[in-house]
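>>> My questions concern the predicted model and sequence given below.
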Amino acid sequence: MDRHEDLSNPDLDIAEGEDGLVLWATLDRPEERNALSPDIIGGLQEALSYADEAETRVFVIRGAEGTFCSGGDLSSMSETFGAGSEAYRENFSGLAELVESMVDAGVLTVAAVEGYCLAGGLGLATACEFVVADAEAVFGTPEVDVGLFPAQAMAPIMRAADEKAGLRLLFTGEFIDAAEAESMGLVTDVAPEGEFEDRLSALVDELADNSPVLIEIGKEAYYTQRDLGFESALDYLSEIITIIAMSEATEEGIDAYLNDREPEWKQR
C-alpha cells in the first residue's frame, strides 16, 4: 500500500492499495484512543469524495495501534460549554454529515474493529456496510455516563441492531464483546484470535472483485428500498434489476462465466 499524502492529515492516514481498488483510512490519534476530531471527520469525507471519483471499490476504516475509535473528543466538547446553541450544533453535526457521505458514496465501506469501538465510534462502524471485528473488541455507548445520549450514532446503530438489545445498549452504556455485538446484528464477522488480518483481507478482496457498476447501483438500491413500503420497494427494485441487467458489466460477467474466464470489469 502507498500512503496518499494529499488525503492524509495529522489525525488520519490514507493509503491506497497497489491496484487502486481499495482505500484504507486509519484513524491516527492513539493517545486519545482515536477519538473523532475535525481532521478525522473532514479527512474521511474528503477521502470518500476522492474514492467516488477514482477506481476505488472498497473503503476500509480502522484505528491505529489496536483501537478502533472511542467516540467524540470530550476535551474539545468541553470548550463549547456556554457558547450557545449554534456552537453546540456545529460541534455535534460532523458525525451526521460523515454518515450521510458514507451512505451516498458509490463504494462499499468496511469497518475493521479492534479494541474499543464506543459511542460515535460505534456509530461510525455501524454506518459501514460491513464490520469485521477482532474477537477481543469491545462495543458500547457510554455517553450516558456523562449525561449525553448517542443521538447521531443511534441512526446507524438502530438500523443494524435488534431493537430491544439496541435500546438496552443505548440507555445503559454497558460494554459488550464482539460475539454479543454479532448476535445483535452490529457485526458482520468476528475473527478468532490471530485471524483478524486474514479475515479482513479476505472480505476486502472478495468485495473488491465485484463489478463497480454492481457496487454503486446495488448500494444505492439498498438504501433507497430500505425506506420504502414493501410494494413500492418491489416496484423500485424491478426497475433496478432491469438497469443492471442491461449494463455492459452484466454482459461481461455472463460472457466470462459462459467462457470460463475471469471478468474484466470496466470502471464506473
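Okay, I see it.

>>> And the helix or strand containing residue 52, what does it pack against?
When elements are assigned from DSSP states H and E, residue 52 belongs to helix 38-53. Judged by 3 or more Cβ pairs under 8 Å, 6 or more residues apart in numbering; DSSP states H and E, helix 38-53 is in contact with strand 12-16, strand 22-27, strand 58-63, helix 94-104. C-beta coordinates here come from the backbone N, C-alpha and C atoms, glycine included.

>>> so where do the strands sit in the stretch 51-200 of the chain?
Listed in chain order, the strands of the stretch 51-200 of the chain (DSSP state E, counting those that start in this stretch) span 58-63, 108-113, 116-118, 130-134, 138-140, 175-177, 189-191.

>>> Format the ones you listed as TSV; extra columns: mean neighbour count, distance to residue 243 and mean pLDDT.
Converted to TSV, those look like this (neighbours: other Cβ atoms under 10 Å; distance: least, Cβ to Cβ, whole Å; pLDDT from 0 to 100):
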stretch	mean neighbour count	distance to residue 243	mean pLDDT
strand 58-63	25	22	98
strand 108-113	27	19	98
strand 116-118	27	36	98
strand 130-134	26	24	98
strand 138-140	23	37	98
strand 175-177	16	40	97
strand 189-191	20	30	97
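
>>> Kindly reformat those strands as a markdown table containing distance to residue 156.
As requested, these are exported to a markdown table (distance: least, Cβ to Cβ, whole Å):
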| stretch | distance to residue 156 |
| --- | --- |
| strand 58-63 | 13 |
| strand 108-113 | 10 |
| strand 116-118 | 12 |
| strand 130-134 | 11 |
| strand 138-140 | 13 |
| strand 175-177 | 17 |
| strand 189-191 | 18 |
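
>>> So for residue 158, which of those sits nearest?
Across those, residue 158 has its closest neighbour in strand 138-140 (14.0 Å, Cβ to Cβ).

>>> and the closest one, what does it pack onto?
Short answer (3+ Cβ pairs under 8 Å, 6+ apart): strand 138-140 packs on strand 116-118, strand 175-177, helix 178-184.

>>> Adjacent strands (with direction) for it?
Looking at strand 138-140 with DSSP bridges, its partner strands are strand 116-118 (parallel), strand 175-177 (antiparallel).

>>> Run through who's touching stretch 155-171.
If you take Cβ atoms under 8 Å, 6 or more residues apart in numbering as the criterion, stretch 155-171 is touched by 96, 99, 122-123, 126-127, 139-141, 144, 149-150, 154, 174, 176, 183-186, 226.

>>> Let's see that with 10 Å instead.
For stretch 155-171, the surrounding residues in contact (Cβ atoms under 10 Å, 6 or more residues apart in numbering) are 95-96, 99-100, 102-103, 122-128, 131, 139-141, 143-144, 149-151, 153-154, 174-176, 180-181, 183-188, 223, 226-227.

>>> just the buried members of the residues you listed?
Among those, the ones that count as buried by 16 or more other Cβ atoms under 10 Å are 95, 99, 102, 122-128, 131, 139-141, 143-144, 150, 153-154, 176, 180-181, 184-188.

>>> still on that earlier bit, closest to residue 209 out of the helices and strands packed on helix 38-53?
That would be strand 58-63 among these, by Cβ to Cβ, at 9.8 Å.

>>> now the angle from that closest one to helix 94-104?
On the basis of axes from the mean of the first three to the mean of the last three Cα atoms, to 10 degrees, strand 58-63 is oriented at 150 degrees to helix 94-104.

>>> Strand 58-63 versus strand 108-113: what angle between them?
Strand 58-63 runs at 20 degrees relative to strand 108-113, counting by the same axes, to 10 degrees.
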